[in-house]
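Enquirer: model the structure of this input:
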Amino acid sequence: AIEGATITATNYGDTLENGLQNWYIEAVKGNDLFMLEIFTTSTESPAGIYSHFSGSTGESYEKKFIPGLIGEGLIGSWYAKLTGGTIKGDVMAPIFEGIVQVVVDGDTAKLNYSAKDDAGNKVEGSVSGSYAVGTAE
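Expert: Numbering: from 1, shown residues only. The predicted structure follows:
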């Protein structure tokens with residue numbers, strides 16, 4: 001368990017025009033960075049339990065997290081090590097499948113992971129700490 005992280009959740013709104021809110025959550029503690037991209041109906045909070053979005057035909061994004069992908073930078077859900085505050089790419093793992101839980105309690109939050117990366121390695125445990133809602137640019 002990682003405690004004392006700084007957790008920021010930003011709601012980017014209905015990015016897919018499907019009635020769901022696109023939340024992006026970052027948790028940072030020292031050189032550890034956890035990124036989580038989820039879809040929920042709530043405009044107020046990203047709290048809930050989310051399974052991975054598999055991309056199956058007709059699959060809803062509701063209560064799903066987006067697996068880690070590489071696009072113009074990292075997309076979706078990842079664990080990475082920072083060097084001087086920047087992702088260097090030496091140590092990083094996509095959160096690829098499984099379940100994640102976001103618990104929000106006032107100005108604290110906890111992210112619980114029971115997941116795997118793209119190579120089938122377990123990504124399990126929790127990250128907790130101070131919580132704030134960020135502002136979408």
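Enquirer: how distant is stretch 126-133 from the center of its chain?
Expert: 12 Å (Cα atoms, centre = their mean, to the nearest Å).
Enquirer: just the residues contacting it, thanks.
Expert: With contact meaning Cβ atoms under 8 Å, 6 or more residues apart in numbering, stretch 126-133 is reached by 1-11, 27, 29, 32, 34, 104, 106-113. Where you see a C-beta, it was placed from the backbone N, CA and C, and this is true even at glycine.
Enquirer: kindly recompute the last result at 7 Å.
Expert: 1-9, 27, 29, 34, 104, 107-113 (Cβ atoms under 7 Å, 6 or more residues apart in numbering).
Enquirer: neighbours of Val28, how many?
Expert: Close neighbours of Val28, defined as other Cβ atoms under 10 Å, add up to 18.
Enquirer: got the residue ranges for the strands in the protein?
Expert: Along the chain, counting by DSSP state E, strands occupy 2-11, 21-29, 32-40, 48-52, 64-65, 69-71, 73-75, 78-83, 86-94, 97-105, 108-116, 122-133.
Enquirer: out of those, the one nearest Gly58 is which?
Expert: When these are compared by Cβ to Cβ, strand 64-65 sits nearest Gly58, at 13.1 Å.
Enquirer: packing partners for that closest one?
Expert: Applying 3 or more Cβ pairs under 7 Å, 6 or more residues apart in numbering; DSSP states H and E, one finds that strand 64-65 makes contact with strand 32-40, strand 48-52.
Enquirer: now render the strands of the chain as CSV, adding mean pLDDT and distance to Gly58.
Expert: Shown next, in CSV, are the strands of the chain (pLDDT from 0 to 100; distance: least, Cβ to Cβ, whole Å):
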stretch, mean pLDDT, distance to Gly58
strand 2-11, 98, 25
strand 21-29, 97, 19
strand 32-40, 96, 15
strand 48-52, 98, 16
strand 64-65, 98, 13
strand 69-71, 88, 20
strand 73-75, 86, 22
strand 78-83, 92, 27
strand 86-94, 83, 24
strand 97-105, 98, 19
strand 108-116, 98, 24
strand 122-133, 97, 27
